[in-house]
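Asks: heads up, no residue letters with this:
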Ligand SMILES: [Mg+2]
C-alpha cells in the first residue's frame, strides 16, 4: 500500500499531517509544535518527496532513508517534520488494522497515571501551591511538577529568592503521599544545581529535571553523582548520538524523549530500547495538549521501561491559546489522576473540522 498524498493543515504553532495511501485510506499525525509553519516547509521540501510512493504500513526504513538523503541537515527541524510522517502513518496503520496504536506497539488501551505539569515561572509560590492543591482535590492527581530557576537562566532566578521559596511552599502544601517533581530547564551551574538539589532532597522531591544546560552532559552527570534523587533529562535531544553520550556519561536516571522532537514513534522507540539496555526508565516530555500527548500516552502503555507517569500540561488558554479547539471531545480528561488511552483505531482522536477549515493547507502528491 503506497503513500499517494501528504497534506499539512496548520499555523505558526501547530500543524497536522494527513497521509493518504492507495485505496484512499488516511491517517492523521502532527509536526512538532512551534514554528510549525517553518517545519511544514521542511516537511514538503525534505520529507514528503522521499516518502511519496513508499510503503505506508512498513515505514521504519523510509525514515532512515530520509535521514540519509538529507544527511546534510541533521538536527531538529528535519526531525520535527519527520514526526508528522511517522505519526500520520501509525494512525493510518491503526485504521487499516482496526487497532489503536498502543496495540500495534504491543500494549493495551486503558487508564494511565498522569502528573500535573506546570509550565509557569511568573507565578508566586503561594499561587502555584494553591492551583496544584486544587488539581489534587478536583482531579485526583497524585504527582506534580513545578518550575525552579529560570530557563537557561545562568543561576539567575525568575526573581530573587523564588527558587528557595517555591520549593518548600509547594512541597508542604501538597503534603505527603504524592510524587513531587521540579524542572530547572537548563537554569543552573553544577554548584548551584547541587545546592538546589539538597533542598529538594530535604523537601521530599524525587525528580530534578534538566538542572544544567542540557548540552553540557558532564555538568548534568556531576549533579547526578552528587544527589540521591533522580536527575532527569533529554527532552531537547533528537539525535541518537546525543542519547548515547548522555547514557555513556551517566548523566541522568530518567530519559525524557519528546515523541515529536525525536521524529516520531519509531525513533522514540529506539531511545526507549537504549534506555532499557542501560536500565533506565522513560518519562517522555509532552508539554502541551496537542497530539504529542496522545502519542505519548499510546507509547507509555506499550513500552516495558515506562516511567511512573505521563506528563500532562495543566496550562489553559492564558498560556497556550493555540491549543484550544484542536480536537473533538475531551481526549485529555482526567479522573482519579489518570487519563485514558482510547481503544478506537489509530490515535483514537478526531481533529476538529472547524479548526482544519481555518488552517493553512498544503499538498504534496505522488508523481505518476
Ligand atoms: Mg522539562
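Replies: That came in fine, so what should we check first? Since the structure is predicted, the reported quantities are computational estimates derived from the model, not experimental observations. Residues are numbered from 1 along each chain as shown.

Asks: Same question for the strand or helix carrying residue 166: list its buried residues.
Replies: If you go by DSSP states H and E, residue 166 is part of helix 162-174. Under the neighbour-count criterion of 16 or more other Cβ atoms under 10 Å, helix 162-174 has 162-163, 165-167, 169-171, 173-174 buried. (C-beta placed from N, C-alpha, C; glycine too.)

Asks: do stretch 132-149 as well
Replies: Buried residues in stretch 132-149 (16+ other Cβ under 10 Å): 132-133, 135-136, 139, 141-149.

Asks: and residue 367, what pLDDT?
Replies: Looking at residue 367, its pLDDT is 62.

Asks: Repeat that for residue 345.
Replies: pLDDT, residue 345: 98.

Asks: All the strands of the stretch 1-150 of the chain, in order from the start?
Replies: Ranges of strands in the stretch 1-150 of the chain, per DSSP state E, counting those that start in this stretch, are 3-10, 15-21, 26-30, 110-117, 143-147.

Asks: could you dump those strands to TSV with mean pLDDT and distance to the ion?
Replies: Below are those laid out as TSV (pLDDT from 0 to 100; distance: least, Cβ to the ion, whole Å):
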stretch	mean pLDDT	distance to the ion
strand 3-10	98	24
strand 15-21	98	22
strand 26-30	98	20
strand 110-117	98	8
strand 143-147	98	8
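
Asks: Settle this for me: residue 199 is touching residue 169, isn't it.
Replies: No: using Cβ atoms under 8 Å, residue 199 makes no contact with residue 169, being 11.9 Å away.

Asks: near the ion, which residues of the stretch 151-300 of the chain?
Replies: 183, 209 (Cβ under 5 Å from the ion).

Asks: rerun that using 6 Å as the cut-off
Replies: Neighbours of the ion within the stretch 151-300 of the chain, by Cβ under 6 Å from the ion: 183, 185, 209-210, 235, 285.

Asks: Could you single out the nearest of those residues to residue 3?
Replies: Nearest to residue 3, judged by Cβ to Cβ, of these is residue 285 at 28.4 Å.

Asks: among the residues of the stretch 151-300 of the chain next to the ion, which two are most distant?
Replies: 185 and 285 (11.2 Å).

Asks: out of these two, which sits in the more crowded spot?
Replies: Comparing residue 185 with residue 285 by other Cβ atoms under 10 Å, the one with more neighbours is residue 285, at 25 against 21.

Asks: Tell me who's in contact with the residue most central in space within the chain.
Replies: Centroid-nearest residue in the chain, with Cα atoms, centre = their mean: residue 286, separated by 2.7 Å. Neighbouring residues of residue 286 by Cβ atoms under 8 Å, 6 or more residues apart in numbering: 258-259, 292-293, 296, 310-313.

Asks: how about a cut-off of 6 Å?
Replies: When contacts are counted by Cβ atoms under 6 Å, 6 or more residues apart in numbering, residue 286 touches 292-293, 296, 311.

Asks: Roughly how far does it sit from residue 30?
Replies: Look at residue 286 and residue 30: by Cβ to Cβ, to the nearest Å, they are 12 Å apart.

Asks: What residue spans form the domains of this structure?
Replies: 3-98+352-365, 103-341 (automatic domain parsing).

Asks: hey, which helix is longest across the protein?
Replies: Across the chain, the longest stretch assigned as helix under DSSP state H is helix 76-97.

Asks: Just the residues of the stretch 151-300 of the chain next to the ion: which are in strands?
Replies: 183, 209 (DSSP state E).

Asks: Let me have the residues of the stretch 151-300 of the chain next to the ion in a markdown table, extended by distance to residue 303.
Replies: Listed next are those as a markdown table, based on distance: Cβ to Cβ, whole Å:
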| residue | distance to residue 303 |
| --- | --- |
| 183 | 22 |
| 185 | 25 |
| 209 | 19 |
| 210 | 22 |
| 235 | 17 |
| 285 | 15 |
